[in-house]
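Student: Can you look at this prediction? I've put the sequence above it.
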Amino acid sequence: MEVISGDLEPGEIRGPERASPPASRVTFNRFELNRILNLYGRMVAEGEWRDYAIDFLKDRAVFSIFRRASEVPIYRIEKAPKLARKQGAYSVITAGGHILRRGHDLDRVLLVIDRKLSVV
């Protein structure tokens, strides 16, 4: 590749050096994110939850749920693939760090915080 003087900005690199792959991170797939956001939407409609954050880290993906934007998350939904063969990749964790439920199936794990209407 031919570079003409003045063609590059200071510190800009062109060519194969710039095309390095991003560091691998754990993410939620479309099904998982859809399921979590459906639950989140219902709880927002009920006035229980107000805000969320998503973090994609090297070893896990975290969906944090907040009652107010300025406080610590009341729940964290985590996906940790390295635990998939042991206790299960999914877990729901409280603000205090207690694991409410852990398992292999996201739907079953989310039941601990999913308050569906029931006939009494």
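Tutor: Good, I have the coordinates.
Student: who's in contact with the lengthiest helix in the chain?
Tutor: When every helix of the chain is counted residue by residue (DSSP state H), the longest turns out to be helix 30-45. Helix 30-45 has contacts (CB atoms under 8 Å, 6 or more residues apart in numbering) with 28, 49-50, 52, 63, 65, 77, 79, 106-107, 110, 113-115. No exception for glycine: its C-beta is placed from N, CA and C like everyone else's.
Student: at 7 Å what do you get?
Tutor: Outside helix 30-45, the residues within contact range by CB atoms under 7 Å, 6 or more residues apart in numbering are 28, 49, 52, 63, 65, 77, 79, 106-107, 110, 114.
Student: One more: stretch 61-76?
Tutor: Residues from elsewhere that reach stretch 61-76, judged by CB under 7 Å, 6+ apart: 26-28, 36, 40, 49-55, 77-79, 92-95, 113.
Student: Quick check on the residue nearest to residue 25 when sequence neighbours are not counted: phi, psi?
Tutor: The shortest distance from residue 25 to any residue other than its chain neighbours is 4.4 Å, reached at residue 56 (CB to CB, 6 or more residues apart in numbering). Dihedral pair for residue 56: phi -110, psi 110, per degrees, to the nearest 10.
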